[in-house]
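A.B. asks: compute the structure for the input listed below.
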Amino acid sequence: MANTLEVVKFRDVIPVHAMPRVFLEMDPPAVELKGRDFRTADQVYLNGYRVDDFIVMDQQTIIAQIPEGLRQFRTVSVLSSGFTLTSKPSKVDFEIGAKTRRIRGVLKLMQLFCKVLLQSPGSDIFNPTMGGGLQDLVGTVTSADASTRNMVLLSQAVSNTASQIKSTQVNSPGLPLSERLLRAELADIKFVRQLDEARARVRLVSMSGVVGVAAVEL
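C.D. replies: A predicted model of the protein is given here:
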């Protein structure tokens with residue numbers, strides 16, 4: 001089974017159950033986050049802004065610095081350093097990071113799918129038809145008033161990407177079943193007016209039956 005370099009990171013989203021206290025007297029101010037298990041916490045976001053500094057006090061508690069100018073908390077996200085095969089979505093980050101690693105199996109398949117999904121057709125001179133074109137939709141899919149049209153556009157991008165990947169994999173007879181795409185579908189899409197974002201979940205199933213779910217923010 002061939003490995004490939006990880007350039008797309010799928011980070012598990014750790015549930016936050018409560019924000020019981022805000023420490024305005026601290027310099028800088030901070031907020032307390034409560035959850036079930038923060039041992040693998042790697043990134044914290046408040047209202048979509050990445051927190052510069054946070055401390056995992058214990059398994060259930062994080063103290064996170066409040067970004068400058070932030071007065072109200074609409075959304076909070078805690079991301080894990082790892083990826084697990086669950087029905088819950090993993091947030092997609094595009095980075096290599098300080099420590100590189102090689103991946104295989106369904107994680108390699110998910111990375112390939114996300115790269116092709118975002119790719120604009122015509123950007124690869126050697127394969128000009130390749131690409132789901134999702135990157136071209138950025139800035140045009142954040143209107144909740146046009147949710148039906150946006151869902152259709154995103155569904156088409158996912159469907160086109162799946163068809164392209166399956167066509168290329170036909171010519172790879174030695175490809176493991178865990179890296180061979182069976183189907184892909186747009187699970188759902190939500191619009192966040194305050195952040196002018198669209199958040200979509202894509203569900204992939206490999207030929208081996210392993211399922212992966214990725215969350216993409218536009």
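A.B. asks: so what's Gly105 up against?
C.D. replies: Met1, Pro176, Ser178, Glu179, Ser206, Val210 (C-beta atoms under 8 Å, 6 or more residues apart in numbering). Backbone N, C-alpha and C define where each C-beta goes, glycine included.
A.B. asks: same list (these) but as a markdown table, adding distance to Cys114, pLDDT and secondary structure.
C.D. replies: Output for the contacts of Gly105, formatted as a markdown table (distance: C-beta to C-beta, whole Å; pLDDT from 0 to 100; DSSP: H, G, I helix; E, B strand; the rest coil):
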| residue | distance to Cys114 | pLDDT | secondary structure |
| --- | --- | --- | --- |
| Met1 | 20 | 52 | coil |
| Pro176 | 19 | 91 | coil |
| Ser178 | 17 | 90 | helix |
| Glu179 | 14 | 90 | helix |
| Ser206 | 14 | 90 | strand |
| Val210 | 16 | 82 | coil |
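A.B. asks: which of these are buried? Put it as a ChimeraX command.
C.D. replies: Here the buried members of the contacts of Gly105 are turned into a ChimeraX selection, burial being counted by 16 or more other C-beta atoms under 10 Å:
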select :176,178,179,206,210
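A.B. asks: Glu185: how many residues sit nearby?
C.D. replies: The tally of other residues near Glu185 (other C-beta atoms under 10 Å) stands at 13.
A.B. asks: which stretches of the protein form helices?
C.D. replies: In the chain, the helices defined using DSSP state H lie at 105-118, 147-169.
A.B. asks: so which of the ones you listed comes closest to Glu32?
C.D. replies: Ranking the helices of the chain by proximity to Glu32 (C-beta to C-beta) places helix 105-118 first, at 33.2 Å.
A.B. asks: circling back: dump the helices of the chain to a markdown table, plus distance to Val16 and mean pLDDT.
C.D. replies: Formatted as a markdown table, the helices of the chain follow (distance: least, C-beta to C-beta, whole Å; pLDDT from 0 to 100):
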| stretch | distance to Val16 | mean pLDDT |
| --- | --- | --- |
| helix 105-118 | 24 | 87 |
| helix 147-169 | 26 | 85 |
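A.B. asks: and the ones you listed, which is most packed in?
C.D. replies: Among the helices of the chain, ranked by average contacts under mean count of other C-beta atoms under 10 Å, first place goes to helix 105-118 (a mean of 22).
A.B. asks: got the contact list for the residue nearest to Leu175 when sequence neighbours are not counted?
C.D. replies: In space, and not counting its chain neighbours, Leu175 is closest to Gln169: 5.8 Å by C-beta to C-beta, 6 or more residues apart in numbering. When contacts are counted by C-beta under 8 Å, 6+ apart, Gln169 is found next to Leu175, Arg180, Leu181.
A.B. asks: same check on Leu33?
C.D. replies: Contacts of Leu33 by C-beta under 8 Å, 6+ apart are Val16, Ala18, Met19, Val44, Thr61, Ile62, Ile63, Ala64, Val76, Val78.
A.B. asks: and the furthest pair within those residues?
C.D. replies: By the measure C-beta to C-beta, Ala18 and Val44 form the most distant pair in those, at 14.7 Å.
A.B. asks: who has more neighbours out of the two?
C.D. replies: Set Ala18 next to Val44 and count neighbours by other C-beta under 10 Å: Val44 wins out with 25 against 11.
A.B. asks: tell me how far the residue lying closest to that one once chain neighbours are set aside lies from Pro28.
C.D. replies: Using C-beta to C-beta, 6+ apart and skipping the chain neighbours, the partner closest in space to Val44 is Val51 (4.2 Å). Counting by C-beta to C-beta, to the nearest Å, the separation of Val51 from Pro28 is 10 Å.
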